[in-house]
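S.K.: what follows is a predicted structure for the sequence shown.
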Amino acid sequence: MRIHLIAIGGSAMHNFALALDHLGHEVSGSDDQIFEPSRGRLEDAGLLPDNEGWYPDTITKDIDVVILGMHALRDNPELAKAKELGLSIQSYPEFLFQATKNKQRVVVGGSHGKTTITSMILHVLNALGRNADYMVGAQLAGFDRMLKLDEANDLAIIEGDEYLSSPIDRRSKFLHYKPHLAIITGIAWDHINVFPTEESYLDTFREFIGTMEKGATLAYCSEDPQLVHLIEEARIARKDIHLTPYETPKSIPGNGASEITYSDKTCVKTSLVGAHNFQNLAGARAVCQSLGIDVGEFDGAIEGFTGAARRLEVAVDRPEKNFTVYRDFAHAPSKLKATQAGVVGSYPDRSVTAVFELHTFSSLNKQFLPQYKGSMNAVDHAIVFYDPEVVKHKRLPAISKQEVIACFGREDVEVITSVDQLENRLQDIPKENHCVLMMSSGRFGGADTPQ
């Protein structure tokens with residue numbers, strides 16, 4: 001097929017371009033901004049557009065499918081031309097469903113832990129020699145891309161995002177996938193620009209459960225009250241679904257590894273950090289059991305798992321100084337709490353400094369900011385960074401340092417609004433008997449990681 005991707009530079013979109021090119025399709029694309037690593041990877045594959053920008057003349061009748069990315073706007077000139085020509089226009093979730101509609105689809109959903117659990121499942125399948133299509137939200141060790149499609153595979157593992165599908169399709173991405181097996185990790189209100197109320201956010205998860213194939217299996221964390229409430233509704237509305245609860249294993253911290261005990265009394269050791277990662281392990285284990293993988297096989301295969309990119313990823317480790325820097329994608333209040341609790345619990349003899357960037361639309365929104373109250377109370381030192389220019393770019397009302405301090409509910413939280421000031425502060429952090437936790441869905445304005 002001839003396939004054109006509008007907004008090819010996105011994290012998911014450029015991986016679609018690479019995967020489709022690998023399958024032998026004729027692939028082209030466009031974008032008005034393409035950054036690394038997308039730029040380099042597209043260039044290496046010969047798929048980087050000659051010029052940045054939108055060129056409607058490149059949209060012709062011989063294009064079989066136009067895949068529309070979220071970075072494009074509703075009035076995109078290439079989109080307008082595709083509509084005018086009556087071309088097939090799909091979001092990438094729509095395209096992914098069409099590519100996997102004859103396969104067993106496993107979808108990993110929830111407000112947190114999606115990428116990690118998807119990564120764990122893929123790691124185990126790979127270790128056991130079982131091939132699968134996949135879509136995951138981070139680069140994984142041992143995998144060339146974040147997306148793989150192969151007609152020979154009968155299984156697809158998909159990270160199910162609840163955010164919008166495309167500028168012209170306001171359905172959550174995971175509503176397209178119709179899983180035979182799914183997991184919901186937990187529910188904590190996020191994406192206020194799409195879900196203005198907590199109830200509207202819950203509704204999209206209700207819809208997700210409603211899209212599951214007849215006789216499907218749904219694993220869920222039994223410790224999440226919001227989720228358990230939806231599960232009780234599902235027991236009535238979807239009596240055909242098999243419900244599989246899981247819970248956080250008990251754990252004993254150790255030197256470089258923790259011992260965890262699952263609900264079936266199995267004890268294993270893991271180098272992963274924090275109760276939330278142990279909970280993710282239990283979720284991935286439940287999914288793999290439903291795929292017919294023995295728990296002993298899972299426990300053996302998962303030993304080599306070191307995590308997904310930017311999910312409690314070790315950026316700096318100096319064991320001789322007891323100094324470690326972690327990077328984490330955390331941005332929602334529940335994610336901040338879980339990540340910090342994990343690091344603090346794993347290093348009881350070290351001080352912990354947490355640095356969080358307000359970067360998403362929700363986190364910079366005055367309506368949503370109060371949700372962060374108490375979310376950075378677990379650490380010794382709390383630093384919040386945001387760029388006022390990013391607030392302007394997102395067309396949101398300006399926020400003051402005082403407002404941020406009040407919303408976090410911690411009087412000693414440091415609020416920084418300059419990259420230079422942030423870099424200076426990061427270099428002042430003690431480099432012995434200390435952990436630093438850098439949490440953001442962005443890049444801290446390009447500030448250097450403390451060394």
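M.R.: Happy to help now that I have it.
S.K.: excluding chain neighbours, what is closest to Asp31?
M.R.: Excluding its sequence neighbours, the residue lying closest to Asp31 (Cβ to Cβ, 6 or more residues apart in numbering) is Gly9, at 3.9 Å. In this view, the C-beta of every residue, glycine as well, is placed from N, C-alpha and C.
S.K.: now swap in Lys394 and tell me
M.R.: Per Cβ to Cβ, 6+ apart, closest to Lys394 is Phe361, 5.6 Å.
S.K.: you'd agree that neighbour is up against Asn193?
M.R.: Yes - if you go by Cβ atoms under 8 Å, Phe361 and Asn193 touch, sitting 4.5 Å apart.
S.K.: quick one on the thing from earlier: and the pLDDT for the residue nearest to Lys394?
M.R.: Here the pLDDT value assigned to Phe361 is 86.
S.K.: do the one 3 residues further on as well
M.R.: Among the per-residue scores, Leu364 shows a pLDDT of 92.
S.K.: residues contacting it?
M.R.: By Cβ atoms under 8 Å, 6 or more residues apart in numbering, the contact list for Leu364 reads Leu358, Tyr386, Val390, Val391, Lys394, Leu396, Ile399.
S.K.: put the buried members of those into a PyMOL selection.
M.R.: Filtering the contacts of Leu364 down to the buried ones (16 or more other Cβ atoms under 10 Å) takes a single PyMOL command:
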select buried, resi 358+386+390+391+399
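S.K.: and the least confident of the contacts of Leu364?
M.R.: On pLDDT alone, Lys394 ranks lowest of those, at 86.
S.K.: hang on, isn't it packed against His359?
M.R.: No - the pair formed by Lys394 and His359 falls short of the contact definition of Cβ under 8 Å, at 9.5 Å.
S.K.: these two touch, right, Ala286 and Ala219?
M.R.: Yes - with contact defined as Cβ under 8 Å, Ala286 counts as touching Ala219 (4.3 Å).
S.K.: what's the distance between the residue nearest to Lys394 and Pro388?
M.R.: Relative to Pro388, Phe361 is positioned 15 Å away (Cβ to Cβ, to the nearest Å).
S.K.: do Thr306 as well
M.R.: Thr306 sits 37 Å away from Pro388, taking Cβ to Cβ as the criterion.
S.K.: again, but for Ile241
M.R.: 47 Å.
S.K.: more crowded one of those two?
M.R.: Ile241 (20 against 13; other Cβ atoms under 10 Å).
S.K.: for the more buried one, give me its contacts.
M.R.: Listed by Cβ under 8 Å, 6+ apart, the contact partners of Ile241 are Ile209, Met212, Gly215, Ala216, Thr217, Leu218, Ala234.
S.K.: all helices of the stretch 101-250 of the chain, in order?
M.R.: With DSSP state H, counting those that start in this stretch as the criterion, the stretch 101-250 of the chain has helices at 114-127, 198-211, 225-237.
S.K.: ignore what I typed, I meant the stretch 351-451 of the chain.
M.R.: In the stretch 351-451 of the chain, the segments counted as helices under DSSP H, counting those that start in this stretch are 388-393, 401-408, 419-427.
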